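K.L.:
Next come a sequence and a model predicted from it.
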Amino acid sequence: MALTKNDIVTKVHEMGFTKKKSTDVIESLLEIIKSELEDGEDVLISGFGKFCVKEKKKRRGRNPATGEELILRKRKVVTFKCSGKLRQKINNSE
C-alpha cells in the first residue's frame, strides 16, 4: 500500500500539530521541493536521499501497441537516490 500525502499529514497531526498546520507544513515542503526541481536544482535531504533533475536526450522509440517507430523528444526527468543511512535502515528491517 502506498503512503499518500493525506497519510503524511495525518502522521504529522498525530505528533501534536493541528490538522491545518500539518497540511500547511507538508504543502509548503512539497512546494519548496517542486520549485527547486523546476529551477534545475538538486534537493538533498540529509539521511533520506537526493532528488536530481536529469536531461534525457532525443532518441528513437517504439509504440508498444502498434510497433511503429517514433522519435522521443528530449526531456527532463527527476531521479532519486536514497542515502546510505536509509538504505542501511531498509536492509536491516528485514
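P.N.:
Right, received. Where do you want to start? Numbering: from 1, shown residues only.
K.L.:
rest of the way, CA atoms for contacts and neighbours
P.N.:
OK.
K.L.:
Could you report the pLDDT at K20?
P.N.:
Note for K20: predicted pLDDT of 96.
K.L.:
Dump the C-alpha coordinates for the helix or strand containing T23 into CSV.
P.N.:
Using DSSP states H and E, T23 maps to helix 19-38. In CSV, the C-alpha atoms belonging to helix 19-38 read as follows (Å, rounded to 0.1, in the frame of the first residue of the first chain):
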residue,chain,number,x,y,z
LYS,A,19,-4.7,19.4,11.1
LYS,A,20,-4.5,22.8,9.3
LYS,A,21,-0.9,23.4,10.4
SER,A,22,0.1,19.8,9.4
THR,A,23,-1.4,20.3,6.0
ASP,A,24,0.3,23.7,5.6
VAL,A,25,3.7,22.3,6.6
ILE,A,26,3.5,19.4,4.2
GLU,A,27,2.2,21.5,1.3
SER,A,28,4.9,24.1,1.9
LEU,A,29,7.6,21.4,2.0
LEU,A,30,6.4,19.9,-1.3
GLU,A,31,6.2,23.3,-3.0
ILE,A,32,9.8,24.1,-2.0
ILE,A,33,11.0,20.8,-3.4
LYS,A,34,9.0,21.2,-6.6
SER,A,35,10.2,24.8,-7.1
GLU,A,36,13.9,23.8,-6.7
LEU,A,37,13.5,20.9,-9.1
GLU,A,38,11.7,23.2,-11.7
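K.L.:
Following the chain past it, name the next helix or strand.
P.N.:
As assigned by DSSP H and E, the chain's next helix or strand after helix 19-38 is strand 43-45.
K.L.:
which residues are contacting that next one?
P.N.:
Here strand 43-45 makes contact (C-alpha atoms under 8 Å, 6 or more residues apart in numbering) with I33, E36, L37, K50, F51, C52.
K.L.:
And the average pLDDT for it is what?
P.N.:
Averaging pLDDT along strand 43-45 yields 97.
K.L.:
ok, so of the contacts of strand 43-45, who is nearest K81?
P.N.:
Nearest to K81, judged by C-alpha to C-alpha, of these is K50 at 5.3 Å.
K.L.:
Counting neighbours, what do you get for the closest residue to the closest one other than its chain neighbours?
P.N.:
Closest residue to K50 apart from its sequence neighbours, by C-alpha to C-alpha, 6 or more residues apart in numbering: L44 at 4.4 Å. A total of 16 residues lie near L44 under the criterion other C-alpha atoms under 10 Å.
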